[in-house]
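J.: how would this look folded up:
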Amino acid sequence: MDTSVYYPELHEERPLDPESAQAAPAENAGGLELSIVMPCLNEAETLEVCIRKAQGFLKEHNVQGEVLIADNGSTDGSDEIARRMGARLVPVAEKGTAAP
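T.: Model prediction:
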């Protein structure tokens with residue numbers, strides 16, 4: 001399991017605190033109005049389209065927001081797609097769809 005969170009606006013990864021499962025906040029996080037969160041487990045076939053649509057919504061409606069991909073351990077390159085598309089990637093330790 002990856003132990004860092006990718007911040008596209010900073011072009012860097014920051015460590016994930018294993019005790020709180022929280023990443024160090026990005027400097028400009030205070031300006032966010034909306035986070036679009038997408039759970040992900042091996043969604044390489046559809047992820048790029050979903051991210052593009054979410055980013056299009058933010059731009060079309062002039063909303064200061066981010067697309068956050070909550071990755072549940074994908075092994076199909078979904079994480080690389082999320083990074084390439086400029087989404088924030090957060091690893092999720094709890095396995096399974098609709099995990100509590």
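J.: dump the helix or strand encompassing residue 36 to PDB, keeping only the CA atoms.
T.: Secondary structure assignment for residue 36, by DSSP states H and E: strand 34-40. Coordinates of each C-alpha in strand 34-40 appear next as PDB, following Å, rounded to 0.1, in the frame of the first residue of the first chain:
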ATOM      1  CA  LEU A  34     -15.600  21.400  -3.700                       C
ATOM      2  CA  SER A  35     -13.900  18.000  -3.700                       C
ATOM      3  CA  ILE A  36     -15.200  15.400  -6.100                       C
ATOM      4  CA  VAL A  37     -14.300  12.100  -4.500                       C
ATOM      5  CA  MET A  38     -14.200   9.000  -6.700                       C
ATOM      6  CA  PRO A  39     -13.600   5.600  -5.100                       C
ATOM      7  CA  CYS A  40     -11.300   3.500  -7.300                       C
END
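J.: mind checking what helix or strand follows it in sequence?
T.: helix 47-60.
J.: for that next one, name the packing helices and strands.
T.: On a contact count with 3 or more C-beta pairs under 8 Å, 6 or more residues apart in numbering; DSSP states H and E, helix 47-60 meets strand 34-40, strand 65-71, helix 78-84. Every residue, glycine included, has its C-beta placed from N, CA and C.
J.: winner for burial among the ones you listed?
T.: Comparing these by mean neighbour count (mean count of other C-beta atoms under 10 Å), strand 65-71 comes out on top with a mean of 22.
J.: list the contacts of that one.
T.: The contact list for strand 65-71, computed with C-beta atoms under 8 Å, 6 or more residues apart in numbering, reads 2, 9, 32-41, 47, 51, 54-55, 58, 78-79, 82, 85-92.
J.: any idea how far residue 48 lies from residue 7?
T.: 19 Å (C-beta to C-beta, to the nearest Å).
J.: kindly report the same for residue 84.
T.: 14 Å.
J.: residue 31 now?
T.: Taken as C-beta to C-beta, the span from residue 31 to residue 7 is 13 Å.
J.: what's the answer for residue 95, then?
T.: Distance from residue 95 to residue 7, by C-beta to C-beta: 24 Å.
J.: neighbour-wise, which of the two wins?
T.: residue 7 (20 against 10; other C-beta atoms under 10 Å).
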